[in-house]
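**Q** With the sequence up front, the predicted model follows.
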Amino acid sequence: VSTQSTGYILVTGGVISGIGKGVLSSSIGTVLKCSGLTVTSIKIDPYLNIDAGTFNPYEHGEVFVLDDGGEVDLDLGNYERFLDITLHRDNNITTGKIYQNVISRERRGDFLGKTVQVVPHVTDTIQDWVERVANVPVSEGGDTPDVCVIELGGTIGDIEGMQFVEAFRQFQFKVGRDNFCLVHVSLCVETNSGEQKTKPTQQSIRELRALGLAPDFIACRSKKPISEAVRSKISLFCHVPQQNVINIYDVSNLYRVPLLLTDMIKLIKKQLNITPRRKSKLIRKWHNLADTYDRMLEPVNICLVGKYTKLDDAYKSVINALEHASLFVNHRLKLSLVESEDLEEEVQSMDPTRYHAAWHQLCSAKGVIVPGGFGHRGTTGKMMAIKWCREKKVPMLAVCLGFQLAVLEFARNVVGLKDAKSGESPEPSENIVICDMPEHNAGELGGTMLLGAKTFKFTEDCRLKQLYGNKETARERHRHRYEVNPDYVGKLSKAGLRFVATNMERNRMEAFDMTDSDHPYFVGVQYHPEYLTRPLSPSPPYLGLLLACLGQLDSYLSYPVEKRGKWRARSNNSQLSSDDDSEVEEDTRRTSSSNSMIDSSLVDLHITQE
């Protein structure tokens with residue numbers, strides 16, 4: 001990179017919220033990384049919450065957890081997955097954090113008796129925060145980022161985001177226009193007759209300019225590619241060169257979005273005076289990934305038994321982990337979301353249709369995932385699904401709350417502790433098999449859990465350990481208030497529940513694995529493996545689930561650990577005896593050249609709901 005300071009790319013949105021700023025920000029960073037640059041990301045959420053930890057999943061989707069224990073917006077999960085980086089809690093800025101910082105400094109007397117105001121004190125705090133975080137290394141190499149992509153949440157004109165808009169109005173001059181680039185995402189509305197309207201975009205740009213910010217690029221979201229006449233009109237009325245009006249239309253899968261931005265990134269690098277350190281072949285992998293997704297025809301049916309199934313984003317990382325694993329095994333993910341309460345006997349009498357439909361979806365699946373959650377609601381239905389998987393030998397992965405409920409189901413139906421309960425249950429019991437953790441503060445919910453990446457160790461050989469490459473230890477992210485009561489571990493183990501991993505002090509159960517010749521895959525983990533999944537490196541427990549569904553788990557595990565990536569690179573039905581890098585690159589090149597047409601259909605994860 002030329003001798004300059006960090007380059008900043010601000011991504012704003014107009015017309016409507018949820019327009020795709022997060023995916024676009026991740027994609028911009030991905031293409032820049034493919035150019036050999038080191039990229040970091042910041043997400044700004046204008047709400048007053050300190051963090052996302054106490055959100056209901058139906059408010060903003062899942063709560064994503066970082067290595068340092070930060071509970072953040074799900075967009076940071078997108079950044080990590082696309083860019084393959086490790087972000088920190090300060091990469092998520094909220095109004096609550098900013099005001100907490102300013103008020104704490106005022107109480108200490110840092111402002112020397114001055115009147116504390118939004119301008120300059122709040123806006124200066126925002127600018128200082130961005131500059132500080134933009135220079136924190138996020139890659140394995142520890143390099144200082146060359147570029148920082150900043151997503152400003154919400155919509156331009158929202159009252160809660162005004163202080164951030166004003167901060168960046170000042171910031172563009174502070175860092176210099178040569179180091180600052182603004183990408184505004186807007187919606188190109190299409191009428192029922194098929195006519196594409198530009199007026200909402202014009203109004204959005206006018207609002208942005210009135211606040212002191214002028215876009216360098218306009219990213220037009222649309223269902224179909226916009227015409228050159230529409231691009232020309234947007235350019236004319238929004239005072240942006242036509243080549244800087246970029247169309248981001250709906251494509252067959254999200255992995256194609258970075259491929260739409262290659263010309264835009266060339267212009268961004270020119271504006272920021274950035275030249276790559278080295279050439280990267282990562283863009284070829286993205287071409288190959290996108291093509292592989294479109295070529296997958298044979299489905300693998302997975303049923304997700306959850307508590308928040310009315311909103312797909314409530315299980316964003318879980319769905320991504322399943323999708324990455326499906327790419328690995330070359331099968332299209334067909335995911336059914338089943339509300340756990342619909343499996344309970346009470347529903348059978350109240351709504352038989354809903355009850356039988358839920359059980360039909362569960363029984364039709366090749367595999368089952370029981371993800372995390374909080375609260376007592378729906379836990380009976382989850383345990384019924386777990387029992388069915390255990391008895392019918394259906395591959396199952398239970399995560400966090402699912403892990404705890406699987407232990408409870410085993411305690412009740414195998415050990416014989418019929419009144420086995422969790423400390424989270426409102427009903428009293430003499431057998432609290434799942435108990436509170438010391439970190440849990442019953443009087444305060446925010447940040448009072450076991451949070452962040454923790455190392456655990458395997459206590460015996462098992463399929464799960466083999467999926468982790470036969471390593472003695474592994475590191476995964478946690479987010480839970482309850483755990484298996486150590487007083488019951490001996491009784492559960494004696495009855496056949498095989499705990500295979502503990503924390504480093506051996507006093508907390510991290511996983512069980514009852515996979516054997518009698519059951520294809522029955523695994524539970526207390527941690528959240530989905531937080532570390534990557535498109536090119538799927539989460540081991542999720543990969544194991546899909547391999548078991550296809551009857552290929554043993555075949556995969558018998559392959560040498562150091563060559564498993566090559567096994568994935570070909571077919572789920574074939575194994576490689578040898579393969580050199582030149583052959584892989586040539587295969588990728590052929591695949592990339594075949595990608596001359598980009599499908600404009602909507603992303604289809606085959607998600608069905610009842």
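**A** Received the coordinates, thanks. Predicted model only: the values in this text are computed from it and were never measured.
**Q** L451 pairs with what?
**A** Beta bridges link L451 to R479 when assigned by DSSP bridges.
**Q** Regarding the most far-flung residue of the chain relative to its centre, which helix or strand does it belong to?
**A** What lies farthest from the middle of the chain is G113; by Cα atoms, centre = their mean that is 43.9 Å. In this structure, G113 is located outside every helix and strand according to DSSP states H and E.
**Q** separation between it and K21?
**A** Noted for G113: a distance of 40 Å to K21, by Cβ to Cβ, to the nearest Å. C-beta: built from backbone N, CA, C; applies to glycine.
**Q** that's a helix at D342, yeah?
**A** Yes - the assignment for D342 is a helix, going by DSSP: H, G, I helix; E, B strand; the rest coil.
**Q** what separates the closest residue to it other than its chain neighbours from I16, distance-wise?
**A** Taking Cβ to Cβ, 6 or more residues apart in numbering as the measure, D342 lies nearest to A358, with 3.7 Å between them; neighbours along the chain are not counted. Per Cβ to Cβ, A358 is found 33 Å from I16.
**Q** Let me see the contact set for the residue nearest in space to the middle of the chain.
**A** The residue at the geometric middle of the chain, judged as the C-alpha nearest the mean C-alpha position with Cα atoms, centre = their mean, is G77 (3.6 Å). By Cβ atoms under 8 Å, 6 or more residues apart in numbering, G77 lies in contact with E62, F64, K316, S317, N320, Y531.
**Q** In contact with the first one, which residues?
**A** Right, E62. Going by Cβ under 8 Å, 6+ apart, E62 touches L74, G77, D313, A314, Y315, K316, S317, V318.
**Q** From the structure, what's the count of residues near the fourth one?
**A** What it means is A314. Using other Cβ atoms under 10 Å, A314 is surrounded by 24 other residues.
**Q** Ramachandran angles for it?
**A** Backbone torsions for A314, taken as degrees, to the nearest 10, come to phi -60, psi -20.
**Q** I'd say it and G61 touch.
**A** Yes - shown here, A314 and G61 form a contact pair, counting by Cβ atoms under 8 Å, at 5.7 Å.
**Q** Quick check: pLDDT value at E409.
**A** The pLDDT attached to E409 in the predicted structure is 97.
**Q** what about it, how many neighbours?
**A** 22.
**Q** Isn't it up against T380?
**A** No - in terms of Cβ under 8 Å, E409 does not count as a neighbour of T380; the distance is 10.1 Å.
**Q** just to revisit the earlier point, how far away is the residue nearest to the centre of the chain from P541?
**A** If you go by Cβ to Cβ, the gap between G77 and P541 works out to 17 Å.
**Q** And A358, by the same measure?
**A** Here A358 is placed at a distance of 24 Å from P541 (Cβ to Cβ).
**Q** Looks like S204 contacts V15 (just checking).
**A** Yes - taking contacts as Cβ under 8 Å, S204 lies within contact range of V15: 5.3 Å.
**Q** Now the common contact residues for those two.
**A** With Cβ under 8 Å, 6+ apart as the test, S204 and V15 both reach S186.
**Q** More neighbours: which of the two?
**A** Between S204 and V15, counted using other Cβ under 10 Å, S204 has the larger neighbour count: 25 against 20.
**Q** got a list of what that one touches?
**A** For S204, the residues meeting the contact criterion (Cβ under 8 Å, 6+ apart) are G14, V15, I156, H184, S186.
**Q** Kindly indicate whether the nearest residue to F180 once chain neighbours are set aside is helix, strand or coil.
**A** Counting by Cβ to Cβ, 6+ apart, F180 lies nearest to Q172, which is 4.5 Å off, once chain neighbours are set aside. For Q172, the secondary-structure state derived from three-state DSSP is helix.
**Q** Could you say which helix or strand holds L492?
**A** Of the helices and strands defined by DSSP H and E, L492 is found in helix 489-494.
**Q** Sounds good, over and out.
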